[in-house]
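Asker: give me coordinates for this.
(2 chains)
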Amino acid sequence: MFFRKPTREEQIHGGPPLEFERPIPPAPWRGITVLITIIVTAATVAWELYARSLGYAPTLNDNEDLWTLRRRAVEPESIVIIGDSRAWYDVDLDEFQRGLGKRPIQLAGGGMCGFPVLEDLANDKNFHGTIVCSITPRLFFAPPGTPPFERGTKVVKRFHNQTPAQRVSERLAMPLEEHVVFLKQEELTFDDYLKKLPIPNRPGAQVPPRLPPYFGTLDRERRSRMTEECARPGSELAKRIQQIWPPLFQPQPPTYIPKDVFIKKMGEAIGKRFHDVADDVAKIRARGGKIVFVRFPHSGGLKQIEDRDTPREKTWDPLLQMTNAPGIYYSDFPELKDFQCPEWSHLSAGDSVEFSKRLVPHLREALKM
Amino acid sequence: MLFNSLTFVVFFVVVVALYWSLSGWNLRKNLLVVASYIFYGAWNPPFAALLFSTTAMDFWLGRQIGKAQGQRTKKRWLVASVCMNLSMLGFFKYGNFLLQNFQWLVARVGIIYQPPHLDILLPVGISFYTFHSLSYTLDIYRGVLQPTRSLRDFILAVSFFPQLVAGPIVRAGDFLPQLNHPPRLKTNQFFWGLALMTLGLFEKIVLADTLLSGPADRVFGYAGPLVAMDSWAGVLAFAGQIFFDFAGYSITAIGAALTLGFHLKDNFRFPYAAVGFSDFWRRWHISLSTFLRDYLYIPLGGNQVRPFRMALNLVIVMFLGGLWHGAAWTFVVWGLLHGSYLVIERVIRIFFEDKPWAATPPTRVIAGFATYGAVCIAWVFFRASDFTIASRMLTGMFGGHPNGDMILSTRELLQIGIVTAGVIGMHWTMRDESFETAVIRLPAWAITAIGSIMAFAIIFTQGNSNAFIYFQF
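Answerer: Presented below is the predicted three-dimensional model:
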């Protein structure tokens, strides 16, 4: 029944003796489609209203394409912010523009190691601008293969290999994400809800630690701002996030490598990173570019962990020494050291403006502007 | 352009709307050619030129084969076409692989040769469109197809966007006749096409990417030993992922083609309910297995030769089938494993086919599960990026790492278990019928409910525009 002989005219191309025709199941397909459209539209609207009732607001998703959009905006003399989420949340672009005379381009990102981006800028022969690089040692010195390093590599790779289709998709997605709440990825998707299921794990299972929930919004310039809910003193959300940082900042060594071998390998990787960074800084400077490293505020239990596991004398000091680059360590300056991070790692949106205002004179001095 | 991207949604709506609003058939075909090249160029515009040049060459060579008087002349033109297509594929896909292996080989005889690393970017879907195009000259040579007079029609047959980059491998002989007359807009066909697209995207976005790809990637990316449960879970997750990923793409392609009035054949027919490996290859990637059967296995002698030669033919075909998937020895081993499975199956048949118990339901179910298990073992080589990982995985699967690590959460194990049981159950339920006949049995309200759940699940899941696995081939 699904095959028929071709007509004489159909022999123009001399096709095969039998032409295939797909069977169409007999059903009222038009009505079914209309009904499905109505049901799905209603369910989607209900889902959007529910997401809003939970306190979510429309915001862009931070993905490689949005990052690439900003990376493309980098001009030879741009001021570029790179590194982890502290530079992402704590820098106010307006204050930087006011103080430094140019609108900076935000290329820092959540849980991102800034090194791949630094290397990419160092290898960009046109670039001779200024880099403000955030240093959170656990992230900046993360070796290849770890999630922070891979995040940095992924965005750089996308910048170089982005297809026209990906570019168009990002342009189409932005207006939608700015108005529709449920499009917030890594929070309101089916996968995220599955991850939230309270199913206990097997004893001894090495399950990756959870990532923090939604606590910031993002605009087209990738300016990230902490939500009011998270910034509110004593908020449950902030407390919840505080509990998420310690396992993320204290990753367990793999069980399949002897601990001493692992520590030795890590030591070598970090040593190599110092040298690679020094090489990249030299390249940028050779073209007339500038770089300044910044240690952004962090507090509470997370500060204790960082001070203990990645002490300044083993990370920050040798970095400045080897690169011979200027650095601003927030706690060295009275006007910067007293900022409190509601969830221990980032400043509230309001504080980020004030912090940026106070940071600018130090940046000007460090960069000899 | 990925099917699971916003760009494709907009592109598809615009193309379908324009297509059905144009009255002239030639205008519609021109539109489809332009749309297909935009679809392809959206990855990397220069590669559209490569696609065009391969197509134009085969169009010309097809005419030469058609015009040639003697068999020898025909053969010469065919050889030219095969060489042109395979050298394109060889350069882009296997260039570095061949150089590396040549380096290794000459090193065995003491010659140190450092080949230059060719910075070659693989044109997406090159293996698919090369076969689309090659089928044309092969069929003209075999005398089952006359050369077409229209270059535009042939360009469309090779580049028709639904099947261009990841199959099904649509032979020119199956597609060109459909260009003779303009299809009429049939309501049921159009909406059925949309339903198939929804099913395909559900398989890709929800089942493959959301429920299975994460655990599969973590297991195959883990550098240490794993206990048997996690190793098997990773392999089962990949078995499900690759099925839903590729079958999802094929169904979406078939549905998209239907909305434009074109008919593409099935590429999958419930493969995880296969009983035996010949049966598996009649159900998995049917367009490739029939391509290899018609253009390679039968010309090599097929079943009409002595048993040893037939076994050798099977192994050769599966070896090349493995290599078609990727330039790595792991793919070759995957192909050779399947070749060996097919040979073993033939031997078993010789001894046991006539036994009364051989065709009983319990035997068939046991044979079905044995087939699935062997297919999963072969998937290890398909997914592992090198033999170290493959060997570690197999050791883990067979209890070689009792003190290995456990890296999957209970939730992930449940996901894999439920989806695997679901896919095997569905395949066994529908193994002897077509998908369409299974749909016919459902009442309209059930179709509506299932369609709504799938469509909402796609929206709820959102997806992250992961590329389809078969794009890399």
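
Asker: does the longest helix seen in chain A come close to chain B?
Answerer: Taking DSSP state H as the criterion, chain A has its longest helix at helix A:259-286. No. Taking C-beta under 8 Å from any C-beta of the partner chain as the criterion, helix A:259-286 and chain B are apart, separated by no less than 11.5 Å. (Each C-beta comes from the backbone N, C-alpha and C, glycine too.)

Asker: ok, for the residue in the stretch 101-250 of chain A that chain B sits nearest to, nearest residue in space, not its chain neighbours?
Answerer: When scored by C-beta to the nearest C-beta, the stretch 101-250 of chain A has A:Ala165 as its residue closest to chain B, at 3.7 Å. Distance criterion C-beta to C-beta, 6 or more residues apart in numbering or on different chains; nearest residue to A:Ala165, sequence neighbours excluded, is B:Ala42 at 3.7 Å.

Asker: ok, now which ones touch the one you found?
Answerer: Contacts for B:Ala42 (C-beta atoms under 8 Å, 6 or more residues apart in numbering or on different chains) come out as A:Thr163, A:Pro164, A:Ala165, A:Val168, B:Met1, B:Thr7.

Asker: go on, B:Gly200?
Answerer: Counting by C-beta under 8 Å, 6+ apart, B:Gly200 makes contact with B:Phe3, B:Ala247, B:Gly248, B:Tyr249, B:Ser250, B:Ile251, B:Thr252, B:Ala253, B:Ile254, B:Gly255.

Asker: where's it, which helix or strand?
Answerer: Using DSSP states H and E, B:Gly200 falls within helix B:187-201.

Asker: can you get me a residue count around B:Ile105?
Answerer: Small correction: residue B:105 is Leu, not Ile. 11 (other C-beta atoms under 10 Å in any protein chain shown).

Asker: which positions within the helix holding B:Gly200 qualify as buried?
Answerer: Along helix B:187-201, these residues count as buried under the neighbour rule (16 or more other C-beta atoms under 10 Å in any protein chain shown): B:189-201.

Asker: dump those residues to CSV, plus pLDDT.
Answerer: Output for these, formatted as CSV (pLDDT from 0 to 100):
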residue, pLDDT
B:Gln189, 92
B:Phe190, 95
B:Phe191, 95
B:Trp192, 95
B:Gly193, 95
B:Leu194, 96
B:Ala195, 96
B:Leu196, 96
B:Met197, 96
B:Thr198, 96
B:Leu199, 96
B:Gly200, 96
B:Leu201, 94
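
Asker: so which of those residues comes closest to A:Gln250?
Answerer: Nearest to A:Gln250 among these is B:Leu201, at 40.2 Å by C-beta to C-beta.

Asker: for that closest one, give me its contacts.
Answerer: Contacts of B:Leu201 (C-beta under 8 Å, 6+ apart): B:Phe3, B:Asn4, B:Gly248, B:Thr252, B:Ile458.

Asker: now go through the residues you listed and say which are in helices.
Answerer: Per DSSP H, the contacts of B:Leu201 map to helices at B:Gly248, B:Thr252, B:Ile458.

Asker: I'd like to know how far the residue of the stretch 101-250 of chain A closest to chain B sits from B:Leu413.
Answerer: 36 Å (C-beta to C-beta, to the nearest Å).

Asker: over to A:Pro200?
Answerer: Here the criterion is C-beta to C-beta. By it, A:Pro200 lies 12 Å from B:Leu413.

Asker: what residues does the stretch 101-250 of chain B put near chain A?
Answerer: So the stretch 101-250 of chain B meets chain A at B:139, B:144-149, B:153, B:173-174, B:176-181, B:186-192, B:194-195, B:206, B:210-211, B:214, B:223-225 (C-beta under 8 Å from any C-beta).

Asker: and for the nearest residue to B:Pro147 once chain neighbours are set aside, the neighbour number?
Answerer: Ranked by C-beta to C-beta, 6+ apart and with sequence neighbours excluded, the top spatial neighbour of B:Pro147 is B:Gly66, at 3.8 Å. B:Gly66 has 18 neighbours, counted by other C-beta under 10 Å.

Asker: helix or strand: which one has B:Gly66?
Answerer: Applying DSSP H and E, one finds B:Gly66 within helix B:45-67.

Asker: flag every buried residue along that helix.
Answerer: Under the neighbour-count criterion of 16+ other C-beta under 10 Å, helix B:45-67 has B:47-48, B:50-51, B:54-55, B:57-66 buried.

Asker: where does the residue of the stretch 251-369 of chain A found nearest chain B sit, in terms of helix or strand?
Answerer: Of all residues in the stretch 251-369 of chain A, A:Tyr256 sits closest to chain B, at 2.9 Å by C-beta to the nearest C-beta. Under the criterion DSSP H and E, no helix or strand holds A:Tyr256.

Asker: could I get the pLDDT score of it?
Answerer: Confidence at A:Tyr256, expressed as pLDDT, is 87.

Asker: show me the contacts for it.
Answerer: Counted by C-beta under 8 Å, 6+ apart, A:Tyr256 has contacts B:Ala223, B:Gly224, B:Pro225, B:Asp405.

Asker: how many residues are close by the closest residue to chain A within the stretch 51-200 of chain B?
Answerer: Residue nearest to chain A within the stretch 51-200 of chain B: B:Gln146 (2.5 Å; C-beta to the nearest C-beta). Neighbours of B:Gln146 under the rule other C-beta under 10 Å: 17.

Asker: what's whichever strand or helix holds A:Leu139 packed up against?
Answerer: According to DSSP H and E, A:Leu139 maps onto helix A:137-140. Here helix A:137-140 touches helix A:300-309, going by 3 or more C-beta pairs under 8 Å, 6 or more residues apart in numbering or on different chains; DSSP states H and E.

Asker: can I get the contacts of B:Ala42 in CSV with neighbour count, pLDDT and distance to A:Glu187?
Answerer: As requested, the contacts of B:Ala42 are arranged in CSV below (neighbours: other C-beta atoms under 10 Å in any protein chain shown; pLDDT from 0 to 100; distance: C-beta to C-beta, whole Å):
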residue, neighbour count, pLDDT, distance to A:Glu187
A:Thr163, 18, 89, 27
A:Pro164, 15, 91, 29
A:Ala165, 22, 88, 25
A:Val168, 19, 90, 25
B:Met1, 24, 81, 27
B:Thr7, 23, 89, 24
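
Asker: what number of residues lie near B:Ala228?
Answerer: Residues near B:Ala228, counting by other C-beta under 10 Å, number 16.

Asker: ok, and the closest non-adjacent residue to it?
Answerer: Sequence neighbours aside, B:Gly399 is the residue nearest to B:Ala228 in space, at 5.1 Å (criterion: C-beta to C-beta, 6+ apart).

Asker: what's the burial count for the residue nearest to A:Cys341 when sequence neighbours are not counted?
Answerer: With sequence-adjacent residues excluded and distances taken as C-beta to C-beta, 6+ apart, A:Cys341 is closest to A:Ser299, at 4.7 Å. By other C-beta under 10 Å, 17 other residues sit near A:Ser299.

Asker: hmm, A:Ser299 is touching A:Asp338, no?
Answerer: No. Look at A:Ser299 against A:Asp338 with C-beta atoms under 8 Å: they stay out of range, at 9.8 Å.

Asker: what is the mean pLDDT for stretch B:259-275?
Answerer: Averaged over stretch B:259-275, pLDDT sits at 93.

Asker: kindly report the same for stretch B:335-352.
Answerer: Mean predicted confidence for stretch B:335-352 is 92.

Asker: also stretch A:240-253?
Answerer: 89.

Asker: that one: which residues count as buried?
Answerer: Neighbour-count burial for stretch A:240-253, with 16+ other C-beta under 10 Å as criterion, is recorded at A:Ile241, A:Gln242, A:Ile244, A:Trp245, A:Leu248, A:Phe249.

Asker: tell me how many other residues crowd the residue nearest to the fourth one when sequence neighbours are not counted.
Answerer: So the one you mean is A:Trp245. Excluding the flanking residues, the one nearest A:Trp245 by C-beta to C-beta, 6+ apart is A:Leu302, at 4.8 Å. For A:Leu302, the neighbour count with other C-beta under 10 Å is 20.
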